[in-house]
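K.L.:
from the sequence below, what's the structure:
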Amino acid sequence: MISAYLIHLLILIGIYLILSISLQLSVGFTGLLNLGHIAFYAIGAYTSALLALNGFPFWFCFLSAGILAMIFGFLLSLPTNKLKGDYLALATMGFSFVVYAVLLNWTSLTRGPLGLPGIPKPKIFGISFSDNLSFLILVAIIALISYLIIKRITVSPFGKVLEATRDNELLTRVLGKNTFKIKTISLMISAFFAGISGSLYAHYITFIDPSSFTILQLIPVLSIIIIGGLASLKGTIIATIILVLLPEPLRFIGFPSSIVGPARQILYSLILLFILIYKPKGFFGKIELE
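P.N.:
Residues are numbered from 1 along each chain as shown. The predicted model follows:
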């Protein structure tokens with residue numbers, strides 16, 4: 001039982017790690033205060049689930065989840081590219097609400113509040129990942145590849161341009177860089193990895209509904225990148241492990257499940273507030289959240 005429980009937690013850490021480092025790319029490295037990230041996560045989850053339930057192979061569902069989320073990232077960048085700070089945050093938050101409303105009300109496709117049950121476990125080249133240990137191996141491999149790709153992006157010349165755009169967009173434009181294109185690409189890459197993390201979540205849980213993708217679900221992910229530190233992938237990894245494991249003792253105190261969920265959100269919010277007040281750069285951050 002303990003072994004199965006630990007495997008479950010490690011799988012969640014892997015999924016949240018992909019989701020968090022992808023948000024780190026747009027927020028920490030590019031300076032885009034994107035509160036629509038949970039919508040990309042939802043798009044990936046529903047895309048993969050719907051395709052899998054219609055008989056498509058996992059690899060196709062998985063890639064389609066990332067690609068469709070990336071397309072929506074491009075579409076979101078068009079009306080929001082000139083927005084900054086609070087205005088960008090509000091616009092991207094509005095996108096999350098729109099996606100949630102679509103998932104809830106397009107019942108002929110998503111089944112609305114009834115959700116999508118029976119999502120099949122992954123099967124790649126005849127290898128089934130039906131048990132949690134094999135699924136953990138799959139998640140670990142994808143998380144490692146995702147980390148290496150995003151790490152490579154951040155240390156590349158393109159990554160330096162992302163940071164320049166974050167620090168002084170006007171000066172970056174004066175130097176001849178197309179900041180519109182740069183921010184669009186960053187948001188698209190970020191959305192792609194959010195989409196594939198949503199795919200992994202859907203195939204692991206095997207049931208999804210709109211309540212899994214509300215704006216409240218963004219709080220843990222935002223907490224991870226802020227506590228770990230903006231523009232720090234190392235901090236993101238450490239914060240992901242800490243914040244996934246930290247609320248778990250609440251399960252053993254004896255509280256009913258109706259209290260454990262809100263208690264987790266309160267705990268995340270209090271930690272986030274404490275960090276913003278007393279350590280604005282997080283533990284390993286290079287910049288402060290403006």
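K.L.:
which phi and psi does Ser128 have?
P.N.:
Ser128 has phi and psi values of phi -90, psi 140 when expressed as degrees, to the nearest 10.
K.L.:
correct me, but it touches Pro120?
P.N.:
No: if you go by CB atoms under 8 Å, Ser128 and Pro120 don't touch, sitting 9.6 Å apart. Yep, even glycine has a C-beta here, placed from its N, CA and C like the rest.
K.L.:
okay, these two: which has more neighbours?
P.N.:
Set side by side, Ser128 and Pro120 show more neighbours around Pro120, with 16 against 13, by other CB atoms under 10 Å.
K.L.:
enumerate every residue touching the more buried one.
P.N.:
The contact partners of Pro120, by CB atoms under 8 Å, 6 or more residues apart in numbering, come to Ala52, Leu53, Phe58, His203, Thr206.
K.L.:
does the last one touch Pro117 like I think?
P.N.:
Yes: using CB under 8 Å, Thr206 makes contact with Pro117 at a distance of 7.3 Å.
K.L.:
ok, Ile15 - contacts?
P.N.:
Counting by CB under 8 Å, 6+ apart, Ile15 has contacts Val139, Ala143, Ser197, Leu200, Tyr201, Tyr204.
K.L.:
could these go into JSON lines alongside distance to Arg166, secondary structure and neighbour count?
P.N.:
Rendered in JSON lines, the data for those read as follows (distance: CB to CB, whole Å; DSSP: H, G, I helix; E, B strand; the rest coil; neighbours: other CB atoms under 10 Å):
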{"residue": "Val139", "distance to Arg166": "30", "secondary structure": "helix", "neighbour count": "26"}
{"residue": "Ala143", "distance to Arg166": "25", "secondary structure": "helix", "neighbour count": "22"}
{"residue": "Ser197", "distance to Arg166": "23", "secondary structure": "helix", "neighbour count": "31"}
{"residue": "Leu200", "distance to Arg166": "28", "secondary structure": "helix", "neighbour count": "25"}
{"residue": "Tyr201", "distance to Arg166": "29", "secondary structure": "helix", "neighbour count": "26"}
{"residue": "Tyr204", "distance to Arg166": "33", "secondary structure": "helix", "neighbour count": "21"}
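K.L.:
look at the nearest residue to Gly36 once chain neighbours are set aside and report its pLDDT.
P.N.:
Leaving aside its sequence neighbours, Gly36 sits nearest to Thr92 (CB to CB, 6 or more residues apart in numbering; 3.5 Å). If you check Thr92, the pLDDT there is 94.
K.L.:
am I right that Thr92 sits in a helix?
P.N.:
Yes: counting by DSSP: H, G, I helix; E, B strand; the rest coil, Thr92 is part of a helix.
K.L.:
neighbours around it, how many?
P.N.:
If we define neighbours as other CB under 10 Å, then Thr92 has 22 of them.
K.L.:
what does Leu114 give?
P.N.:
10.
K.L.:
how far away is the residue lying closest to it once chain neighbours are set aside from Ala263?
P.N.:
Closest residue in space to Leu114, ignoring its immediate chain neighbours: Asp209 at 7.1 Å, by CB to CB, 6+ apart. Separation of Asp209 from Ala263 (CB to CB, to the nearest Å): 21 Å.
K.L.:
residues touching the residue lying closest to Phe95 once chain neighbours are set aside, list them.
P.N.:
Using CB to CB, 6+ apart and skipping residues adjacent in sequence, the residue nearest Phe95 is Gly36, 4.0 Å away. By CB under 8 Å, 6+ apart, the contact set of Gly36 is Leu76, Thr92, Met93, Gly94, Phe95, Ser96, Val99.
K.L.:
would JSON lines of the residues you listed with distance to Leu12 be doable?
P.N.:
Output for the contacts of Gly36, formatted as JSON lines (distance: CB to CB, whole Å):
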{"residue": "Leu76", "distance to Leu12": "27"}
{"residue": "Thr92", "distance to Leu12": "24"}
{"residue": "Met93", "distance to Leu12": "24"}
{"residue": "Gly94", "distance to Leu12": "28"}
{"residue": "Phe95", "distance to Leu12": "25"}
{"residue": "Ser96", "distance to Leu12": "21"}
{"residue": "Val99", "distance to Leu12": "22"}
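K.L.:
got a PyMOL select line for the buried ones in these?
P.N.:
The PyMOL selection below is limited to those of the contacts of Gly36 classed as buried (16 or more other CB atoms under 10 Å):
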select buried, resi 76+92+93+95+96+99
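K.L.:
ok, the contacts of Gly36 vs Leu270, which is closest?
P.N.:
Met93 (21.2 Å; CB to CB).
K.L.:
from what I can see the closest one touches Leu35, true?
P.N.:
Yes: contact between Met93 and Leu35 holds when scored by CB under 8 Å: they sit 4.2 Å apart.
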